[in-house]
Structure formats: structure tokens, C-alpha cells
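K.L.:
Just a sequence and a predicted model for now, questions to come.
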Amino acid sequence: MVRAPFIDKNGMKKGAWSADEDNKLRAYILRYGHWNWSQLPKYAGLSRCGKSCRLRWMNYLRPTVKRGIYSKEEDDLIIKVQAELGSKWSAIAAKLPGRTDNDIKNHWHTHLKKRMKQEQMASLVGQQCSEISVPETNQNEQSIETSESEARRNSELTPEPSSSSEFSTFSWPATTESFAEGIGNFWTEPFLADTSFSQNDIPLSSLVEGGFMSPDFLCYDDDTVLFYQLMQELMESNRDT
DNA sequence: AAAATACTCAACCGCTTGGGT
DNA sequence: CACCCAAGCGGTTGAGTATTT
């Protein structure tokens, strides 16, 4: 469902991301943060442009990205905010935690826009009919639409990333061991100058203390911080057992 | 069963914005 | 003030999948 991978004239890889690339990007950002998107691919060992990396992280790899079906509340909120702000997808996304602007935009164009049109048509028809004194029509049409969307919502599968990549089935591991297994040898990939990482060491502090990186250089977003907190808890529980 | 059509969504492109010098 | 560059945003594209003919 995505563009086939290819190399452009500048030697940059484009198109669908492989599981390997996803892992490299995820591992790098979780460890070092995204301090500079244009430089990041070089250090992460990726032949991608920074823009592409940013997009992949923001729309797909971030741990807090919510995927799958939209609830009726979400749909209604999107419609409401879209009516107020227009196509300000990032502003709309800010009101829907976990949803990305790209995802909302796609959802709007594929589902909600259609629904809006139908509802507008229905109300128009309803108005005209009421003038000719057949008030039930509008209501009926609306209820048909509503039941259709309900049916669709019910029939849609549960949140399961449907990416092009084989990595779509990735789920955050229950243990740090399985995480390390899952990401293979990323800790030793090109960006990794040191080998000091261990399960008992959160790299954040060691990197700064070890002089690998200035504290100012680190740019962790909330997701990354959240992830580290989670990882720390997991490690502690592992140590306890 | 095969072909045509519609739907979906990840990824790209180009433009704008904002911060630094 | 002008310029540069990185980041962010919104529109569009392209190809896989689902549905219809």
C-alpha cells in the first residue's frame, strides 16, 4: 500500500520503510532523542533524509501513537473542530491525544468528508421535503447513515498497525531481554560508538556523564521520557524477580 | 474466475514558519 | 533587515487490498 523502496539521485532511500530501518530509527531516538532531524539519519545509520525519518517517527513509530478505529466521540470532535478551524490538522490532532495529523487528515478525506456531505444533502433534502410537508425523510436518511457508520465502526478490526513493513506486528515487549532481542544488533549499529549499554543502565545519564553528548544536545519528547520511565520500571521489576 | 473499480493510508513534495546569525 | 536552515504543515500521490461487475 506504499511506494516501493528506491534510491533517489542523491543516494537517499525513499518509499516504504523496512523493519530494519524502523528498528534503527526507533532505537536511535529512544536512546539519543531527535536532537537534529537532518543529522540524525547519518548517526542512526540510515540512508534516509531527515524529513522522512521525522515523518516515520511522528506518524508511526512514536510509542504513544494511537492506531485503529476512531470512536464516535473522536469522529464528532474532528467534525466539530474541522468546522471551526478548517484543515488545521495539527491543531485538530492536538485535541485528540495519540492521533497524528496525517492520520486524522486521511480519516477525514476517506470517511468524515463523505459523511458530512451526506448529512448536508440529507438536511437539504429534508428542508425541501418539509416545505412540501414530508418531514420524516430527513430523519430516515440520517438514521440510515448513522447505522451505516456504526456498522462500519463495529466491523472494523481492532487497532493493529497495517503498515507496509513486516514490523507492523511489533508490540512493546514485556521485558528488556525481549526488547533487546527484538531489535537485534542495533546497539552495535554504526551510530553506536560505545558498547556500554546494559539492561541496568539507562543511557541518558551515562551518555552525558561519559562526555558523549552535551545535556543541551539531548532532545527527548514526552513519549521518549514516558518510554524510559516505563523501561526503568520494567528493569526494576526484573531485578526484583 | 478474472477484470475493473473503489477504498485506504503510508509516504512524498513543496510551501511556510520560526529561530539563529 | 536579510539570509539561511531546520522543523512543521497540508495537499497529493501511488500502490496494496477489498469489493463489485
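P.N.:
Sure, I can see it.
K.L.:
gap between residue A:127 and residue A:102?
P.N.:
For residue A:127, the distance to residue A:102 (CB to CB, to the nearest Å) stands at 36 Å. (Each C-beta comes from the backbone N, C-alpha and C, glycine too.)
K.L.:
Oops, could you answer that again for residue A:55 instead?
P.N.:
From residue A:55 to residue A:102 the distance is 8 Å (CB to CB).
K.L.:
same deal with residue A:52?
P.N.:
Residue A:52 is 13 Å from residue A:102, by CB to CB.
K.L.:
From the contact counts, what lies against whichever helix or strand residue A:20 is part of?
P.N.:
Secondary-structure assignment from DSSP states H and E places residue A:20 in helix A:19-32. Counting contacts by 3 or more CB pairs under 8 Å, 6 or more residues apart in numbering; DSSP states H and E, helix A:19-32 packs against helix A:40-44, helix A:50-56, helix A:203-209, helix A:222-240.
K.L.:
which stretch in those helices is the model least sure about?
P.N.:
Looking over these, mean pLDDT reaches its minimum on helix A:203-209, with a mean of 42.
K.L.:
related to what we said a few turns ago, in terms of neighbours, single out the busier of residue A:127 and residue A:102.
P.N.:
Per other CB atoms under 10 Å, whichever of residue A:127 and residue A:102 has more neighbours is residue A:102, with 15 against 11.
K.L.:
What segments of chain A are helices?
P.N.:
A:19-32, A:40-44, A:50-56, A:72-85, A:89-94, A:101-107, A:113-131, A:136-155, A:176-182, A:203-209, A:222-240 (DSSP state H).
K.L.:
May I have the helix holding residue A:20 exported as CSV, CA atoms only?
P.N.:
Output in CSV follows, covering the C-alpha atoms of helix A:19-32 (Å, rounded to 0.1, in the frame of the first residue of the first chain):
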residue,chain,number,x,y,z
ALA,A,19,11.6,-3.4,9.7
ASP,A,20,15.3,-3.0,9.9
GLU,A,21,15.1,0.8,9.3
ASP,A,22,12.2,1.1,11.7
ASN,A,23,14.3,-0.6,14.4
LYS,A,24,17.3,1.6,13.7
LEU,A,25,15.3,4.8,13.9
ARG,A,26,13.4,3.7,17.0
ALA,A,27,16.5,2.5,18.8
TYR,A,28,18.4,5.7,18.0
ILE,A,29,15.7,8.1,19.0
LEU,A,30,14.9,6.2,22.2
ARG,A,31,18.5,6.4,23.1
TYR,A,32,19.6,9.8,21.9
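K.L.:
gap between residue A:15 and residue A:96?
P.N.:
Distance from residue A:15 to residue A:96, by CB to CB: 28 Å.
K.L.:
So these two - more neighbours on which side?
P.N.:
Set side by side, residue A:15 and residue A:96 show more neighbours around residue A:96, with 20 against 14, by other CB under 10 Å.
K.L.:
Give me the phi and psi angles of that one.
P.N.:
Per-residue torsions, residue A:96: phi -120, psi 90 (degrees, to the nearest 10).
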